[in-house]
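K.L.:
okay, predicted coordinates and the sequence, questions at the end:
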Amino acid sequence: MPNQEPNELPRELTKNLDKNLCVCYDVSKQDVIDTIKQGAKTLEEVSNKTYACQGSGCCVRQVERLIELLHPSENTENCHLDNALDNISK
C-alpha cells in the first residue's frame with residue numbers, strides 16, 4: 001500500500017465526490033468527507049452535521065467506512081477494546 005497522509009483517502013474512494021452519498025437528503029460524498037475531516041468521528045456526529053443516514057439508512061455503511069478510513073487510530077483502539085471485552089466475557 002502506498003504511503004498516505006493520515007487523512008487522505010484511498011484513490012478508489014475519491015471518485016464521484018460530487019455524487020450524492022445520501023440520496024434521501026441530497027448529501028454529497030464530499031460533504032461527508034469534509035465533515036469527517038473537520039472532526040466528526042461517529043456516525044451520529046456526521047449525521048447531525050449533514051443529515052446523512054437520517055432517511056432510509058442505505059448510506060450508513062458508506063459513512064461508517066469513510067470514518068474508519070479518515071480516523072483509523074480511533075477505530076483501531078475501539079477494535080482492541082472490543083476484542084478485550086469479548087475475551088473477558090468468554
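P.N.:
Received, thanks.
K.L.:
and the gap between Glu68 and Gln62?
P.N.:
Using CB to CB, to the nearest Å, we find Glu68 at a distance of 11 Å from Gln62. Quick note: C-beta positions are derived from backbone N, CA and C, even for glycine.
K.L.:
contacts only, for Thr50.
P.N.:
Cys22, Tyr25, Val27, Asp31, Val32, Thr35 (CB atoms under 8 Å, 6 or more residues apart in numbering).
K.L.:
go through those residues and name the one nearest Lys49.
P.N.:
Using CB to CB, Thr35 comes nearest to Lys49 of the contacts of Thr50, at 4.9 Å.
K.L.:
is it true that that closest one touches Val46?
P.N.:
Yes: applying CB atoms under 8 Å, one finds Thr35 in contact with Val46, separated by 5.3 Å.
K.L.:
which one's more surrounded, these two?
P.N.:
Val46 (26 against 22; other CB atoms under 10 Å).
K.L.:
so where do the strands sit in the chain?
P.N.:
Along the chain, the segments classed as strands by DSSP state E run 20-22, 27-28.
K.L.:
nearest residue to the spatially most central residue of the chain other than its sequence neighbours?
P.N.:
Most central in the chain under CA atoms, centre = their mean is Ile67, positioned 2.2 Å from the mean C-alpha point. Nearest residue to Ile67, sequence neighbours excluded (CB to CB, 6 or more residues apart in numbering): Ile36, at 5.7 Å.
K.L.:
do Asp26 as well
P.N.:
Nearest non-adjacent residue to Asp26 (CB to CB, 6+ apart): Asn20, at 5.9 Å.
K.L.:
how about Glu64?
P.N.:
Per CB to CB, 6+ apart, closest to Glu64 is Leu43, 5.9 Å.
K.L.:
hey, which helix or strand in the protein has the poorest pLDDT?
P.N.:
helix 72-89 (a mean of 51; mean pLDDT, DSSP states H and E).
K.L.:
which stretches of this protein have low pLDDT?
P.N.:
1-9, 74-90 (pLDDT under 70).
K.L.:
which residues of it fall in helices?
P.N.:
29-37, 43-50, 60-70, 72-89 (DSSP state H).
K.L.:
re the thing from before, what's the closest of the contacts of Thr50 to Leu13?
P.N.:
Using CB to CB, the contacts of Thr50 come closest to Leu13 at Val32, 10.8 Å.
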